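# The sequence isn't on hand, but the structure is:
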C-alpha cells in the first residue's frame with residue numbers, strides 16, 4: 001500500500017513546524033512510518049535559500065523558483081521513494097504556502113500553479129492560521145527578530161516593521177484561506193491540546 005502526502009500549510013509563526021513535529025510523534029506512536037519535508041529543507045537548496053533570504057532585494061520570482069527547486073529535490077529523492085514504501089510524508093509547508101507567499105508579492109497565480117504542476121498534490125491539507133499578534137510573539141520568542149522577507153519589507157508595505165508584518169500576515173492568510181477553500185483550516189491561537197486534538201482527528205479519519 002502506498003503512503004500519503006499530508007501538508008500543513010501556513011505562515012512562519014502559524015505553528016506549522018510545532019504541530020508537524022507533534023503530528024509526526026503521534027503518527028509514529030500509532031505505528032506509521034513518517035518522513036518529513038518542507039519549504040527550505042532540502043540538502044540541495046536549504047543553505048542557498050537561507051543565504052538569499054538575507055538579501056531583501058533578491059528577485060521574488062527567482063526566489064519562488066528556488067523554493068520550487070527545493071521542494072522538487074525533496075519530492076524526487078525522499079518523498080516518492082518513501083511513499084512507495086508505504087510511509088506518510090508530512091510537509092512542513094507545501095504548495096499552498098508557497099502560492100500564498102507569491103500572491104502576497106504580486107506573482108501571477110496561473111504562472112505559479114504551472115510551475116508547481118509537476119509536484120504531486122497533497123492527499124490531506126490543513127491550513128494553520130493565528131492572529132498577527134500571536135504570530136509576532138511566537139517569532140520573537142523563537143528568533144528574537146522578524147525575517148525581512150517574511151515580514152514584507154521586500155514588498156514595501158510600509159516603513160515600520162511590526163505594522164508591516166501585521167499587514168503582510170493578514171494578506172497572506174486571506175490568500176491561504178482562499179486557496180484552501182476545500183481543505184481544512186485550523187486556528188492555532190487556541191490551547192495547544194485543543195489544536196493538536198483537532199489536527200489528529202482530521203488526519204486520523206482520513207489516512208486509513
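Done, it's in. Quick caveat, the model's predicted, so the values are computed rather than measured.
# pLDDT value on residue 144, please?
Per-residue confidence (pLDDT) for residue 144: 80.
# Now do it: how many residues are near it, please.
Per other C-beta atoms under 10 Å, the neighbour tally for residue 144 reads 7. C-beta: built from backbone N, CA, C; applies to glycine.
# Next one: it from residue 135, what distance?
For residue 144, the distance to residue 135 (C-beta to C-beta, to the nearest Å) stands at 15 Å.
# who touches the residue most central in space within the chain in this structure?
For the chain, the residue sitting closest to the mean C-alpha position, by C-alpha atoms, centre = their mean, is residue 93 at 2.0 Å. Neighbouring residues of residue 93 by C-beta atoms under 8 Å, 6 or more residues apart in numbering: 7-10, 16, 38-40.
# from those residues, which has minimum pLDDT?
With pLDDT as the yardstick, residue 40 is the minimum among the contacts of residue 93, at 78.
# Surely it touches residue 68?
No: in this structure residue 40 lies outside contact range of residue 68 using C-beta atoms under 8 Å: 11.7 Å.
# which stretches of this protein have low pLDDT?
For the chain, applying pLDDT under 70 flags the ranges 1, 42-58, 147-159.
# For it, which segments count as strands?
5-9, 34-38, 88-92, 124-129, 184-187 (DSSP state E).
# Show me what the last one packs onto, helices and strands only.
Packing partners of strand 184-187 (3 or more C-beta pairs under 8 Å, 6 or more residues apart in numbering; DSSP states H and E): strand 124-129, helix 192-204.
# Listing partners with orientation, what would you give for that strand?
In the sheet, strand 184-187 lines up against strand 124-129 (parallel) (DSSP bridges).
# Same check on the second one?
Pairing partners of strand 34-38, with direction, according to DSSP bridges: strand 88-92 (parallel).
# Not counting the partner strand itself, show me its contacts.
3-8, 16-17, 20, 23-24, 27, 32-39, 41, 78-79, 82-83, 122, 207.
# angle of that strand against helix 192-204?
Interaxial angle of strand 88-92 relative to helix 192-204 (axes from the mean of the first three to the mean of the last three C-alpha atoms, to 10 degrees): 140 degrees.
# quick one, strand 88-92 and strand 5-9 angle?
Using the same axes, to 10 degrees: strand 88-92 against strand 5-9 is 20 degrees.
# Report the buried residues of strand 88-92.
88-92 (16 or more other C-beta atoms under 10 Å).
# Ok, stretch 131-141 next?
Buried residues in stretch 131-141 (16+ other C-beta under 10 Å): 132, 134-136, 138-139.
# Let me have the residues you listed in CSV, adding distance to residue 168 as columns.
Supplementary listing: these in CSV, determined by distance: C-beta to C-beta, whole Å:
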residue, distance to residue 168
132, 9
134, 15
135, 10
136, 11
138, 15
139, 12
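# wait, which of those residues is closest to residue 198?
Nearest to residue 198 out of the buried residues of stretch 131-141 is residue 134 (C-beta to C-beta; 16.7 Å).
# pretty sure the closest one contacts residue 187?
No: Residue 134 lies out of contact with residue 187 (C-beta under 8 Å); the separation is 9.9 Å.
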